[in-house]
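S.K.: Predicted coordinates and the sequence they were generated for:
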Amino acid sequence: MRRRLAILIAACAAVLPAQEQDFGKRYSFAEREPRTQVEKTIDRLLPSIVKIHGASGLATIKAYATGIIVSDRGHIITLDQILLQADRTRVVLYDGSVHRAILYPADERLGVRLLKISPEDVDGKLQPLWPPSEEQAGYHNGQFVVSLGNCFRLAEFSEKVSATFGVIVGTANTALRYRMADVKYDGDIILTDACNNPGHYGGGLFTLDGRWIGLNMRLLDSKETNTMLSAAIPARDLLPYLEERVLGKPRVEVRDEVVPVWTGITLFEQAGRKSPPAYVERVKRGSPGRELGLRIDDLIVRIDDFSVRSCMEFRRVLEKYKPGDTVKVMWKRGTRVMTGEMTLAKEPKR
């Protein structure tokens, strides 16, 4: 019996190299060159995406996120909503190397923060990205996008980060919350159905040709509808902070004279309700609202691409415009949905 077993082992050993070679052909998954345009775009972007690991300790706040390299001197931008601490924050580069990060002051308005690693400790050169020019920063509803991030912390060292795909579904103001905490960013955001799973925070939102258009936020929860939303801060909005902290340019706060617009519309704001729906209470004669054809009890639901779900949102949206601008208004009258254009005016002198 022992002799038969020895013969069998020897026979297997004799044919093992050929079998190993055949096994490798059938079952190994060697990395191949990217073939499609999307694969090539992602392959080009991956070296600019890093994994960030902060301190842990709170069940509701993840200790991992994603970041984007923005300079060859080691600057990295990420969302300032993970537990970042001066001596406990690490950055993992595309090659799997781990680096200690220095923390820069956060931008409170944006809710983002810069980190910095030492480029001398990096093998090879860093591959930074920078927000696009004004001409290249555009995006539109229905445009296909890819979101890159460390989904559920699946990529630890040299593993590649995840890519989720979707389309831009609109823009919105930040009348949103993450759980019970208001989001820090106070501007308009890009809404997309490309999933922002935990770990994607601070990653990049890109067009299929590789233009950087957004920095991924946390998964958000709409106050009015309790709908979960994937959103991104427009990359162009990061420029003042990046230019100040990376390029050393003093931030110049340009305050244009704000001239409020006048519509002649008075909304019905019921006493005791913090922000009721935007029902029309009255419309002044000779006003833009009267020329539009609005009547008492009409419900304003949209201005251009902005949803209007309350009297407060109606006022906030109008703050984005100046006298002379023409906006498209959508309203409900009973069961009918109506639309029209309204030219905003300057409030008349009394």
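M.R.: That came through fine.
S.K.: What ranges in this protein fall below the confidence cut-off?
M.R.: Scanning the chain with the threshold set as pLDDT under 70 gives 1-30, 55-61, 81-84, 174-186, 222-225, 253-257, 271-274, 350.
S.K.: mind listing the helices in it by residue range?
M.R.: 2-27, 37-45, 239-245, 288-292, 311-318 (DSSP state H).
S.K.: ok, now which ones touch the closest residue to residue 263 other than its chain neighbours?
M.R.: Nearest non-adjacent residue to residue 263, counting by Cβ to Cβ, 6 or more residues apart in numbering: residue 289, 4.7 Å away. Bear in mind the C-beta positions are built from the backbone N, C-alpha and C, glycine included. Taking Cβ atoms under 8 Å, 6 or more residues apart in numbering, we find residue 289 in contact with 263-265, 280, 283, 342.
S.K.: what does residue 348 give?
M.R.: residue 262.
S.K.: And it, how close does it get to residue 261?
M.R.: 12 Å (Cβ to Cβ, to the nearest Å).
S.K.: repeat for residue 267
M.R.: Distance of residue 267 to residue 261, given as Cβ to Cβ: 15 Å.
S.K.: ok, what's across the strand from the residue most central in space within the chain?
M.R.: Central residue of the chain (Cα atoms, centre = their mean): residue 232, 1.5 Å from the mean position. Note on residue 232: beta-bridge partners residue 190, residue 216, judged by DSSP bridges.
S.K.: unless I'm mixing things up, it is touching residue 192, no?
M.R.: Yes: if you go by Cβ atoms under 8 Å, residue 232 and residue 192 touch, sitting 6.7 Å apart.
S.K.: Mutual contacts of the two, please.
M.R.: 147, 205.
S.K.: how far out from the middle of the chain is stretch 240-257?
M.R.: 21 Å (Cα atoms, centre = their mean, to the nearest Å).
S.K.: For it, buried residues please.
M.R.: Neighbour counts over stretch 240-257 (16 or more other Cβ atoms under 10 Å) mark 240-242, 245-246 as buried.
S.K.: From those, pick the one nearest residue 213.
M.R.: Using Cβ to Cβ, residue 242 is the member of the buried residues of stretch 240-257 that sits closest to residue 213, with 15.0 Å.
S.K.: my guess is the closest one contacts residue 69, does it?
M.R.: No: with contact defined as Cβ under 8 Å, residue 242 does not count as touching residue 69 (11.8 Å).
S.K.: How is this structure divided into domains?
M.R.: Segmentation of the chain into domains, based on automatic domain parsing, reads 37-121, 144-245, 261-346.
S.K.: Tell me, how many residues neighbour the closest residue to residue 127 other than its chain neighbours?
M.R.: Among residues not flanking residue 127 along the chain, residue 47 sits closest, at 4.4 Å (Cβ to Cβ, 6+ apart). Counted with other Cβ atoms under 10 Å, residues neighbouring residue 47 total 17.
S.K.: gap between the nearest residue to residue 41 once chain neighbours are set aside and residue 243?
M.R.: Leaving out its chain neighbours, the residue that sits closest to residue 41 by Cβ to Cβ, 6+ apart is residue 210, at 4.5 Å. Computed with Cβ to Cβ, the distance linking residue 210 and residue 243 is 22 Å.
S.K.: strand partners of the longest strand along the chain, parallel vs antiparallel please.
M.R.: Looking across the chain with DSSP state E, the single longest strand is strand 162-172. In the sheet, strand 162-172 lines up against strand 144-149 (antiparallel), strand 189-192 (antiparallel) (DSSP bridges).
S.K.: need the ones you listed in TSV with mean neighbour count and distance to residue 91, can you?
M.R.: Formatted as TSV, the strands paired with strand 162-172 follow (neighbours: other Cβ atoms under 10 Å; distance: least, Cβ to Cβ, whole Å):
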stretch	mean neighbour count	distance to residue 91
strand 144-149	22	14
strand 189-192	23	25
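S.K.: Dump the ones you listed into CSV; add distance to residue 172 as well.
M.R.: Below are those laid out as CSV (distance: least, Cβ to Cβ, whole Å):
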stretch, distance to residue 172
strand 144-149, 16
strand 189-192, 6
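S.K.: Which one of those lies nearest to residue 53?
M.R.: strand 144-149 (13.6 Å).
S.K.: In CSV, list the C-alpha atoms belonging to that closest one.
M.R.: Provided in CSV are the C-alpha atoms of strand 144-149 (Å, rounded to 0.1, in the frame of the first residue of the first chain):
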residue,chain,number,x,y,z
PHE,A,144,-23.0,59.8,-17.3
VAL,A,145,-20.5,59.9,-14.4
VAL,A,146,-18.2,57.6,-12.4
SER,A,147,-17.6,57.9,-8.7
LEU,A,148,-14.3,56.6,-7.3
GLY,A,149,-13.8,55.8,-3.6
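S.K.: ok, and what's touching it?
M.R.: So strand 144-149 is in contact with 38, 41-42, 45-46, 49, 65-66, 139, 161-168, 192, 194-197, 199-208, 213, 216, 230, 232, going by Cβ under 8 Å, 6+ apart.
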